[in-house]
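[1] Next one to model:
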Amino acid sequence: MSRVENQMHLSCVVHVHMGHFIVCTLFIYFSNEWILRLLKSGTNSIAL
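    Presented below is the predicted three-dimensional model:
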């Protein structure tokens, strides 16, 4: 691999990891929202 190819490969890896990180963050955020909603509806039905 030449120097330029190495740079391109590294930037690709970083880009993929950033995308993966963003997807993971969104997934965790939305699943937390969903879990909170479930808990709220759960406590509401128990209270009723």
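[2] what packs against the helix or strand harbouring residue 43?
    Following DSSP states H and E, one finds residue 43 within helix 3-47. Applying 3 or more CB pairs under 8 Å, 6 or more residues apart in numbering; DSSP states H and E, one finds that helix 3-47 contacts no other helix or strand. (C-beta placed from N, C-alpha, C; glycine too.)
[3] Distance from the chain centre to it, please.
    1 Å (CA atoms, centre = their mean, to the nearest Å).
[4] Now that helix: average pLDDT?
    Mean per-residue pLDDT for helix 3-47: 85.
[5] What separation is there between the residue positioned nearest the centre of the chain and residue 32?
    Among the residues of the chain, the one closest to the centroid is residue 24, at 1.4 Å (CA atoms, centre = their mean). Using CB to CB, to the nearest Å, residue 24 is found at 12 Å from residue 32.
[6] Then residue 45?
    As judged by CB to CB, residue 45 and residue 32 stand 20 Å apart.
[7] before we move on, what about residue 43?
    Relative to residue 32, residue 43 is positioned 16 Å away (CB to CB).
[8] Then residue 6?
    39 Å.
[9] any idea how far residue 29 is from residue 35?
    Counting by CB to CB, the gap from residue 35 to residue 29 is 11 Å.
[10] let me fix that: residue 13
    For residue 13 relative to residue 29 (CB to CB), the value is 24 Å.
[11] Repeat that for residue 5.
    Distance from residue 5 to residue 29, by CB to CB: 36 Å.
[12] Next: residue 37.
    13 Å.
[13] Please apply the same query to residue 41.
    Residue 41 is 19 Å from residue 29, by CB to CB.
[14] Residue 15 now?
    Per CB to CB, residue 15 is found 21 Å from residue 29.
[15] now do residue 22
    According to CB to CB, residue 22 and residue 29 sit 11 Å apart.
[16] what does residue 14 give?
    Going from residue 14 to residue 29 by CB to CB gives 22 Å.
[17] now swap in residue 23 and tell me
    Relative to residue 29, residue 23 is positioned 11 Å away (CB to CB).
[18] got it, and residue 4?
    Going from residue 4 to residue 29 by CB to CB gives 37 Å.
[19] Same check on residue 9?
    31 Å.
[20] Thanks a lot, catch you later.
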